[in-house]
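Undergrad: for reference, the sequence and a predicted model appear below.
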Amino acid sequence: MIVVSDRISAFDIIMSNPVPDKGKILNQLSMFWFDYTKDIIKNHVVSINYDEFPGEFRKEEYKGRSMLVKKINMLPIECIVRGYIAGSAWSEYIKTWCVCGIQLPRGLRESQKFETPLFTSSIKADFGQHDENVPFEKASDILGRDLAEKVKYKSIEVYNKCADYALSKGIIIADTKFEFGLDENGELILGDEIFTPDSSRFWPLDKYEAGRGQDSFDKQFLRDWLKENGYTNSAPSNLPQNIIKITKEKYLDAYRILTGKQLDC
């Protein structure tokens, strides 16, 4: 069972207070995307039907925020697809003209769209540490070349399909993160969460303009508030209630626009 909590993190630090119903939003949105991409790659979902859960999970506290999934051996890297240059990629680029060892043309502007999506990877850090971005060669050393190439290909294929869909709904998926695993037969399986406001950058298409940071439907709002208030290496004792409220509203907006549904929370 995967139970998605309402806790929220930024800069790899878990905040002290939760965002109410965040777990339900992420769980339901992930399920939408898992269903939408199952023609490209298998995923770990067995059921989100409450009545099919094991007895100990048929409780109100797990409703809407839980998935019964297939157990898989997770790969030790995170797979990131970047359609636009933003966040840590932009910070690295303006210093080195590279992103994760990939040489890029000079003169790109913040939030500019890449000609083709960029695949990068990171190694999950120990608790309390920042994840480490690594070049593809390093990921290949860890996974083996064939598996690394397959993960790269599938990541970009899934991103392209979902980014096109989101664009039709008025949302740009600027970048996103995937996690994969292998099942008992060695088959590649998509797991964890996909295309949520926690794992992706969602920008409103009608407000997009290259050359600056963007409005968003994701936790960039929270990251920006933390930066402005000096919390890039620590969490405040309490997040202000208005920051929690706006963050939740942004997550709900993303869900509503992308799925065309309302969520009762």
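TA: All right, it came through fine.
Undergrad: isn't residue 62 right up against residue 4?
TA: No: taking contact to mean CB atoms under 8 Å, the distance of 9.8 Å between residue 62 and residue 4 leaves them out of contact. In this view, the C-beta of every residue, glycine as well, is placed from N, C-alpha and C.
Undergrad: between these two, which one's more packed in?
TA: residue 4 (21 against 17; other CB atoms under 10 Å).
Undergrad: contacts only, for the more buried one.
TA: If a contact means CB atoms under 8 Å, 6 or more residues apart in numbering, then residue 4 has 22, 23, 24, 26, 27, 65, 66, 67, 193 as its contacts.
Undergrad: mind putting these in TSV, secondary structure included?
TA: Written out in TSV, the entries for these read as follows (DSSP: H, G, I helix; E, B strand; the rest coil):
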residue	secondary structure
22	helix
23	helix
24	helix
26	helix
27	helix
65	coil
66	strand
67	strand
193	coil
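Undergrad: which of those has the largest number of neighbours?
TA: residue 22 (25 neighbours).
Undergrad: enumerate every residue touching that residue.
TA: By CB under 8 Å, 6+ apart, the contact list for residue 22 reads 4, 5, 6, 7, 8, 247, 248, 251.
Undergrad: what of residue 136?
TA: Contacts were defined as CB under 8 Å, 6+ apart; by that measure residue 136 touches 100, 101, 102, 119, 120, 121, 148, 152.
Undergrad: pick out the residue closest to the middle of the protein.
TA: Ranked by distance to the mean C-alpha position of the chain (CA atoms, centre = their mean), the top residue is residue 199 at 1.4 Å.
Undergrad: run through the residues that contact the residue lying farthest from the centre of the chain.
TA: Going by CA atoms, centre = their mean, the residue of the chain most distant from its centre is residue 55, 30.3 Å out. Contacts were defined as CB under 8 Å, 6+ apart; by that measure residue 55 touches no other residue.
Undergrad: for it, grab phi and psi.
TA: Its backbone dihedrals place residue 55 at phi -50, psi -40, with angles given as degrees, to the nearest 10.
Undergrad: mean confidence score for whichever strand or helix holds residue 173?
TA: With the criterion set as DSSP states H and E, the secondary-structure element containing residue 173 is strand 171-182. For strand 171-182, mean pLDDT is 98.
Undergrad: after that strand, next one along is what?
TA: Moving toward the C-terminus from strand 171-182, the next helix or strand (DSSP H and E) is strand 188-191.
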